[in-house]
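Student: generate a structure from the sequence data that follows.
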Amino acid sequence: MLGCSHQAKAREALAMSSDPKDLITPTPRERELMMLIARGMQNKNIAYELSISENTVRAHIGNIMRKYRLQNRTQIAIVFALHAAPSSLRRDLAKAERYPTATQNPRALTAPD
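Tutor: Got it, this is the predicted structure:
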């Protein structure tokens, strides 16, 4: 389960500004890399997929982390998922103060009887 701090940090990165022109938008290459990270690919496989070196992959990841003020790959995956979500959902998530966790609502993750 993702920690609340990861979710909060990613949500904060997505909604750093209420002005649409100030929103940070990933470049096409960053989106590509973020998608592959979200799929769980390792740097070596990302490098092969994009026909670039592992050093270039690491540089892109570092740039993404600085740009969005993130600390790890999980947060990159969350930001990618939020950017890929419909704008209405992104807006709702950006306004949300807190997400429920499995410990707060254990039945939310189970199938109905």
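Student: relative to Leu70, how far out is the nearest residue to Thr56 once chain neighbours are set aside?
Tutor: Distances taken as C-beta to C-beta, 6 or more residues apart in numbering put Ala47 closest to Thr56, at 7.1 Å, once the chain neighbours are dropped. Where C-beta positions appear, they are placed from N, C-alpha and C, glycine not excepted. As judged by C-beta to C-beta, to the nearest Å, Ala47 and Leu70 stand 20 Å apart.
Student: if we can go back for a sec, what's the spacing between the residue nearest to Thr56 and Ser87?
Tutor: For Ala47, the distance to Ser87 equals 32 Å [C-beta to C-beta].
Student: using PDB, write down the CA coordinates of stretch 42-52.
Tutor: C-alpha atoms of stretch 42-52 as PDB (Å, rounded to 0.1, in the frame of the first residue of the first chain):
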ATOM      1  CA  GLN A  42      14.100  -1.200 -14.300                       C
ATOM      2  CA  ASN A  43      16.500   1.400 -15.700                       C
ATOM      3  CA  LYS A  44      18.300  -1.200 -17.800                       C
ATOM      4  CA  ASN A  45      15.000  -2.200 -19.500                       C
ATOM      5  CA  ILE A  46      13.900   1.400 -20.000                       C
ATOM      6  CA  ALA A  47      17.300   2.200 -21.600                       C
ATOM      7  CA  TYR A  48      16.800  -0.700 -24.000                       C
ATOM      8  CA  GLU A  49      13.100   0.300 -24.800                       C
ATOM      9  CA  LEU A  50      14.100   3.900 -25.500                       C
ATOM     10  CA  SER A  51      17.400   3.100 -27.200                       C
ATOM     11  CA  ILE A  52      19.300   5.300 -24.800                       C
END
